[in-house]
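> can you look at this prediction? I've put the sequence above it.
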Amino acid sequence: MSSIENQSKGSLRIPIGLGSLEAQLMELLWASATPLLGQEILKALDGTHNYKTVMTVLNRLVEKKLLIRTPEGKAYRYQTVENRDAFLRSVASDLVKGYKQAYGTEGLRYILDAAALDGCNSTKETKWDVLASDLTENTTIPSRIATLLAIVIGLELLRIIFGKK
């Protein structure tokens, strides 16, 4: 489902998608001030997951190069490779590049319009009003991510339109 690179399509990089448990583990590790042992991670999950399942997912995140593990006795300490903001920026960038490669700049315009119009509640409200309001403190994280993605796409469009040819 998700991989860092799709070797069969040359240099096309596939955006990393996280499953539910992967995202939960990444959020836990991003929130931690120090690298965590597998047992500490399991304890923080409050018994909601099986030890082997958690360890398998942690190892997959290491294979995806999202986590680093360092040995400590017979166990490992896990930490993220990059902070949450850098990860989200990277995923958004990969998404925009992949979408542009697949559908061109016109496809990006549709994404920007769709993201901006999502949430417009009146004809007087412009898509940019919606984007600005999405960045306030009272919005949810997914809404902020959608807004930031829309802004990234908009900036990429401006670069394409006005950039070097």
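Sure thing, it's come through.

> bridging residues for P71?
Beta bridges link P71 to Y76 when assigned by DSSP bridges.

> all helices of the chain, in order?
20-31, 38-44, 51-63, 84-117, 127-134, 141-162 (DSSP state H).

> and Q39, what does it touch?
Contacts here follow Cβ atoms under 8 Å, 6 or more residues apart in numbering; on that basis Q39 touches A75. Where C-beta positions appear, they are placed from N, C-alpha and C, glycine not excepted.

> that one and G104, how far apart?
Counting by Cβ to Cβ, to the nearest Å, the separation of Q39 from G104 is 49 Å.

> mind putting the helices of the chain into TSV with mean pLDDT and distance to Y76?
Shown next, in TSV, are these (pLDDT from 0 to 100; distance: least, Cβ to Cβ, whole Å):
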stretch	mean pLDDT	distance to Y76
helix 20-31	93	12
helix 38-44	94	6
helix 51-63	95	8
helix 84-117	79	21
helix 127-134	55	39
helix 141-162	65	29
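
> tell me which of those lies nearest to E72.
Nearest of the helices of the chain to E72, taken as Cβ to Cβ: helix 38-44 at 10.0 Å.

> CA atoms of the closest one as PDB?
The C-alpha atoms that make up helix 38-44 are tabulated as PDB, following Å, rounded to 0.1, in the frame of the first residue of the first chain:
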ATOM      1  CA  GLY A  38       9.300  -1.000  22.600                       C
ATOM      2  CA  GLN A  39       7.900  -1.800  26.100                       C
ATOM      3  CA  GLU A  40       7.500   1.900  26.800                       C
ATOM      4  CA  ILE A  41       5.600   2.400  23.600                       C
ATOM      5  CA  LEU A  42       3.300  -0.600  24.300                       C
ATOM      6  CA  LYS A  43       2.600   0.800  27.800                       C
ATOM      7  CA  ALA A  44       1.700   4.200  26.400                       C
END
